[in-house]
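Asker: A structural model of the following input is requested.
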Amino acid sequence: MLLYGDLVPWYELVDPVEDHADEADCYRAAFERAGAPRTGTLLELGAGAGNNAFYLKRFFRSTLSDVSPRMLELSRAQNPDCEHLVGDMRSLRLGRSFDVVLVHDAVMYMTSEPDLEASMRTAFLHTRPGGAAIFAPDCVAETLRETTEVIAGDAPARSLRGLMWSWDPDPTDTSFAVEFVFLLRDGGQVTTVHDRHVEGVFSRTTWLELLNGAGYSAEIIERPLGDGKVDEIFLCRRPA
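Answerer: The predicted structure is shown next:
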């Protein structure tokens, strides 16, 4: 996927850190409702550029992991005070536990139930007894819709314009496609890039069954999307 590889130098124009302030506050509030201590420890699986961590590190001592070393370099630049580790959320084993675990939209790349279960097992093993985890997929099967979104970003001497088109080639399976098309202007030069992502989608029932099967007590909570809109994410507690 070019967005997490060759296009990393453009990533801040696609997904600016300031767009994450409200949702990071939602995660903080949910963790605190679940009993997480202020200045506790947080592990984020699939932290990407560290945009959520930029806000959450004010409340939790944060360890950030991602499968892409290049994305972690972006995170290190804006979160130099956080620990960074390269690792796959399906197999990462640190041998220590945390007060809270966050699994953001990188969980969308789990396209089969075994992969999704593996990511939940990783999160559970790293959640201390009595701790909490949040899984924040972009959608569940019941809320998946074909959508088109315009992306625009500008920086000195360069600009990006893009289109993100989500659609489902086969509604009978557990994946769908997200097509990105970018126009990249660097100085006076413009190039076009197409980047396809295959993402996973599972029903609410499947999510809850797998989370509870991993050992959590899971519930659905709302996440603000702006303009009064909300979606669904999962708050999970590990029994003490």
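
Asker: Got phi/psi on the closest residue to residue 45 other than its chain neighbours?
Answerer: Distances taken as CB to CB, 6 or more residues apart in numbering put residue 89 closest to residue 45, at 4.0 Å, once the chain neighbours are dropped. C-beta: built from backbone N, CA, C; applies to glycine. Dihedral pair for residue 89: phi -60, psi -20, per degrees, to the nearest 10.

Asker: isn't residue 89 right next to residue 122, touching?
Answerer: Yes: with contact defined as CB atoms under 8 Å, residue 89 counts as touching residue 122 (5.5 Å).

Asker: Overlap in contacts, these two.
Answerer: Shared contacts of residue 89 and residue 122, defined by CB atoms under 8 Å, 6 or more residues apart in numbering, are found at residue 45.

Asker: Which residue ranges of this structure form helices?
Answerer: 11-14, 21-33, 53-56, 69-78, 113-125, 204-214 (DSSP state H).

Asker: and residue 208, how far is that from residue 121?
Answerer: 16 Å (CB to CB, to the nearest Å).

Asker: Can you give me the domain boundaries for this protein?
Answerer: 2-140+201-237, 142-200 (automatic domain parsing).

Asker: Dump those domains into CSV; add mean pLDDT and mean neighbour count as well.
Answerer: Formatted as CSV, the domains of the chain follow (pLDDT from 0 to 100; neighbours: other CB atoms under 10 Å):
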stretch, mean pLDDT, mean neighbour count
domain 2-140+201-237, 96, 18
domain 142-200, 97, 13
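
Asker: Report the contact partners of the residue nearest to residue 45.
Answerer: Contacts of residue 89 by CB under 8 Å, 6+ apart are 45, 46, 65, 67, 103, 106, 107, 110, 118, 119, 122, 123.

Asker: rerun at 6 Å
Answerer: Contact analysis of residue 89 by CB atoms under 6 Å, 6 or more residues apart in numbering lists 45, 46, 119, 122.

Asker: which of the residues you listed lies closest to residue 167?
Answerer: Nearest to residue 167, judged by CB to CB, of the contacts of residue 89 is residue 46 at 23.0 Å.

Asker: Nearest residue to that closest one in space, please, no chain neighbours.
Answerer: Here the residue nearest residue 46, using CB to CB, 6+ apart, is residue 106, at 2.4 Å.

Asker: Can you tell me how far that neighbour is from residue 158?
Answerer: Counting by CB to CB, the gap from residue 106 to residue 158 is 26 Å.

Asker: and if you look at residue 48?
Answerer: In terms of CB to CB, residue 48 sits 21 Å off from residue 158.

Asker: cool, residue 42 as well?
Answerer: In this view, residue 42 and residue 158 are 33 Å apart by CB to CB.

Asker: rewinding a little: include distance to residue 5 when you put the contacts of residue 89 into a markdown table, please.
Answerer: What follows is those, written out as a markdown table (distance: CB to CB, whole Å):
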| residue | distance to residue 5 |
| --- | --- |
| 45 | 19 |
| 46 | 15 |
| 119 | 21 |
| 122 | 23 |
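
Asker: Now for those residues: which two are most distant?
Answerer: Across the contacts of residue 89 (CB to CB), the longest gap, 10.4 Å, separates 46 and 122.

Asker: and the residue in the chain sticking out farthest from the centre, what is it in contact with?
Answerer: Taking CA atoms, centre = their mean, the residue of the chain most remote from its mean C-alpha position is residue 188, at 33.8 Å. The contact partners of residue 188, by CB under 6 Å, 6+ apart, come to none.

Asker: Over to residue 133?
Answerer: 101, 123, 127, 236.
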